[in-house]
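[1] Here is a sequence together with a model predicted from it:
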Amino acid sequence: MGLRPRLTLLATALVALVSGLLLWLGWALVGTVVVGTPGLPPGATVVVGGVAVPADVARDAVASSARDQVLRAGLVAFPLVVLAAGIVAWILVGRVLAPLHQVIATAGRLSARSLDERLALDTARGEVAELAAAFDAMLDRLQAAFDAQSRFVANAGHELRTPLAVLRTEIDVTLEDPDADVAELRRMGEVVRDAGRRCDELVTGLLLLARTEAALAPGERGPVDLGEVLARELDALSGPVVDHGLSVRADPAPAPASGDATLLRTLVGNLLENAVLHNRDGGWIEASTGSDGGGPVLRVASSGAELDPERVAELFEPFRRGPVARTARTRGSGLGLSIVRAVAVAHGGTVEGTAVPGGGLDVRVRFGPQGAGRVSPPMPPMPPVPAPAPGPG
């Protein structure tokens, strides 16, 4: 038996119980009221239909007749009331459960290709509305996960073809060369190693991108100071900074945020690594943290190749790179800035990129609802931080 018949039977049974109780009370009260009326003196008689009847006998007869009339009327009204209650309960329960049937029907129609369907039950109220809203939120999370998985598969298939083709070609050419010596085998081994490293970097970046494109669970959030993260990541890149003669100006001011510490470190590290890899020898890097309207803000700007301002937004798409030719220094997976954007969005933030006049990129990441759509003030001048001397080796 479904929920609707059970609720209807329960409501009808309650109405029947209450109606029976009221009928019994009416039957008992009518007789009591008649018996309790002021009586005539003892021994008095009343004439009923020309016959003298003792007063107490006449009173009892009236009380019995009243009870019988109430009982007859009640026996007629009782089934009608119960029937009406059953019909009304069936209709009302059906209306209440209609959104649940819509949820069930929608869940039955869902597939990986129809996850964009939503209930949007504007007419529902109470717990049913909460259930519908929770169901739509679950569909949002499922759609985000499926979209991330689809993009991961498509991007992986597209980008892994090149290194895998290099692997296959190098191995086939070397095996078909009967005069291949140790030097040729070593050369092939280096090419295979580089292609394998390339595949590993791509898979790692794609997995991280797929993870950050999904919403963070509440348990994955914690307090993180972006200023401390920026300082640590700058120290980690001190070697490449010195190698390429870059001038660094940093202002790691306190910028408390809430989120996944690992992902936020990845965001800061990718921005700084992008600023180093796509810079020019003897160029500059500016990095700072602070607050803007109550939300933490991270800014990383650097010199580099001249960019088209109309196409800066494309750099934050997967596998989009700037105009710099790919070399041993600048080669990468093309996922750095797309991971930055995905991490920022997963933390409720926004990313804005601006082309620097003369060449370079200026990226600002704002966290918190107050950061969206705001124009940041110019970065205050900061004292240059001398690059650390290279360590031994």
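    Great, that's in hand. Numbers count the residues shown, from 1 in each chain.

[2] What's opposite residue 248 in the beta bridge?
    residue 285, residue 385 (DSSP bridges).

[3] Residue 186 - how many residues pack around it?
    Using other Cβ atoms under 10 Å, residue 186 is surrounded by 10 other residues. Using the backbone N, CA and C atoms, a C-beta is placed for each residue, glycine as well.

[4] Show me what the host helix or strand of it packs onto, helices and strands only.
    Applying DSSP states H and E as the criterion places residue 186 in helix 182-213. Using 3 or more Cβ pairs under 8 Å, 6 or more residues apart in numbering; DSSP states H and E, the elements in contact with helix 182-213 are helix 126-176, helix 261-277, helix 336-346.

[5] Go through this structure and flag its longest helix.
    Ranked by residue count, the top helix of the chain under DSSP state H comes out as helix 55-109.

[6] What mean pLDDT does that one get?
    Per-residue pLDDT values across helix 55-109 average out to 81.

[7] That helix: how far from the chain's middle?
    47 Å (Cα atoms, centre = their mean, to the nearest Å).

[8] Next: stretch 348-357.
    24 Å.

[9] which residues sit against that stretch?
    295, 301-304, 306-309, 312-313, 315-316, 337, 340-341, 344-345, 361-369, 371-373 (Cβ atoms under 8 Å, 6 or more residues apart in numbering).

[10] Please identify the buried residues of that stretch?
    Neighbour-count burial for stretch 348-357 flags 348, 349, 350, 351, 352, 353, 355, 356 (criterion: 16 or more other Cβ atoms under 10 Å).

[11] returning to that earlier point: mind listing which of the contacts of stretch 348-357 are in helices?
    337, 340, 341, 344, 345.

[12] which of these count as buried?
    337, 340, 341, 344.

[13] just the residues you listed now: which is nearest residue 222?
    residue 344 (17.1 Å; Cβ to Cβ).

[14] follow-up on the earlier one: how about the buried ones among the ones in helices among the contacts of stretch 348-357, which pair is most distant?
    Farthest pair in those, by Cβ to Cβ: 337 and 344, 10.5 Å.

[15] what number of residues lie near the residue lying closest to residue 107 once chain neighbours are set aside?
    If the residues on either side of it in the chain are set aside, residue 107 comes closest to residue 135, at 7.8 Å by Cβ to Cβ, 6 or more residues apart in numbering. By other Cβ under 10 Å, the residues close to residue 135 number 18.

[16] could I get the helices and strands packed on helix 182-213 as CSV with distance to residue 284?
    As requested, those are arranged in CSV below (distance: least, Cβ to Cβ, whole Å):
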stretch, distance to residue 284
helix 126-176, 31
helix 261-277, 9
helix 336-346, 19
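
[17] deepest of those, which one?
    helix 336-346 (a mean of 23; mean count of other Cβ atoms under 10 Å).

[18] Counting by contacts, list what that one packs against.
    With 3+ Cβ pairs under 8 Å, 6+ apart as the test, helix 336-346 has helix 182-213, helix 261-277, strand 350-355, strand 361-366 packed against it.

[19] pLDDT averaged over the first one - what is it?
    Which is helix 182-213. Here the average pLDDT along helix 182-213 is 78.

[20] okay, the angle between it and helix 126-176?
    Angle, helix 182-213 to helix 126-176, by axes from the mean of the first three to the mean of the last three Cα atoms, to 10 degrees: 170 degrees.

[21] what pairs with the next helix or strand after helix 182-213, and is each one parallel or antiparallel?
    Sequence order places strand 222-225 as the next helix or strand after helix 182-213, per DSSP H and E. Paired neighbours of strand 222-225 in the sheet (DSSP bridges): strand 256-259 (antiparallel).

[22] List the buried residues in the partner strand.
    For strand 256-259, by 16+ other Cβ under 10 Å, it's 257, 259.

[23] Figure out how far that strand is from the centre of its chain.
    The answer for strand 256-259 is 18 Å, by Cα atoms, centre = their mean.

[24] Which strand residues bridge residue 296?
    residue 291.

[25] and the closest residue to residue 315 other than its chain neighbours, what does it touch?
    What sits nearest to residue 315 in space, not counting adjacent residues and going by Cβ to Cβ, 6+ apart, is residue 337, at 5.2 Å. Residue 337 is in contact with 270, 271, 274, 315, 316, 320, 353, 363, counting by Cβ under 8 Å, 6+ apart.

[26] Show the low-confidence segments of the stretch 151-300 of the chain, by residue range.
    Low-confidence segments of the stretch 151-300 of the chain (pLDDT under 70): 152, 155, 158-159, 209-220.

[27] One more pass at 90, please.
    The model of the stretch 151-300 of the chain has pLDDT under 90 over residues 151-223, 236-244, 254-255, 257-267, 269-270, 273-274, 277-278, 281, 291-295.

[28] quick revisit: out of the ones in helices among the contacts of stretch 348-357, which is nearest to residue 186?
    residue 337 (35.9 Å).

[29] Could you measure from that closest one over to residue 271?
    8 Å (Cβ to Cβ, to the nearest Å).

[30] where do the contact lists of these two overlap?
    Common contacts of residue 337 and residue 271 (Cβ under 8 Å, 6+ apart): residue 363.

[31] What residue spans form the domains of this structure?
    3-109, 142-213, 218-371 (automatic domain parsing).

[32] looking at these, which is buried most?
    domain 218-371 (a mean of 19).

[33] Distance from the chain centre to it, please.
    So, by Cα atoms, centre = their mean, the centroid of domain 218-371 is 25 Å from its chain's centroid.
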